[in-house]
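In: sequence unknown, structure follows:
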Ligand SMILES: [Zn+2]
């Protein structure tokens, strides 16, 4: 402002200065820039898991499988499968032998990757919560899964063998 000291500032002067500043700092983005940014941000997800699921153009798109998975997990068929696994294993953790407590029915071959084995009794095993956490298929599908029967290795959630 020192340079303007002593200069009479008209409205035009001020308006011109404000306009230059806006342009320089570009804090008001042009329509073009905003469109470009919106395109860049479109389809971007915080998690690579949801990013993978985005868009029906993806070669592996299964038509909203996440909701289907959720529905299956809460279905009565799934509950029956769990119960059958527990019963067969006599409500005992197959890893540490703990009986009762918080037991979970684990899919030996991952639920998400082997839909045909979702309700196969042979594909289920009773595990206590602690042991279940230690399996390499527990939790978010981020770890590599090694399928011993086909000798195939793949990222869970990112690839499904055909
Ligand atoms: Zn256990």
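Out: Arrived safely, thanks for sending. Everything quoted here is computed from the prediction, not taken from an experiment.
In: Least confident secondary structure element in the protein?
Out: Within the chain, no helix or strand scores below helix 48-53, which has a mean of 51 by mean pLDDT, DSSP states H and E.
In: following it, which helix or strand comes up?
Out: Per DSSP states H and E, the first helix or strand lying C-terminal to helix 48-53 is helix 65-73.
In: So which bits of that next one are buried?
Out: In terms of neighbour count (16 or more other C-beta atoms under 10 Å), helix 65-73 has its buried residues at residue 72. All C-beta atoms are positioned from the backbone trio N, CA, C, and that covers glycine.
In: tell me the average confidence for that helix?
Out: Mean per-residue pLDDT for helix 65-73: 73.
In: Report the contact partners of residue 108.
Out: Residue 108 sits next to 122-125 when contact means C-beta atoms under 8 Å, 6 or more residues apart in numbering.
In: Between those residues, which sits nearest the ion?
Out: residue 125 (10.5 Å; C-beta to the ion).
In: How about the residues of this structure by the ion?
Out: Residues of the chain that fall close to the ion, judged by C-beta under 5 Å from the ion: 93, 95-96, 98, 128, 131.
In: Residue 117 contacts residue 147, correct?
Out: No. Contact between residue 117 and residue 147 fails when scored by C-beta atoms under 8 Å: they sit 11.3 Å apart.
In: contacting residues around stretch 75-91?
Out: For stretch 75-91, using C-beta under 8 Å, 6+ apart, the contacting residues are 72, 99-100, 103, 105, 118-119, 121, 124-126.
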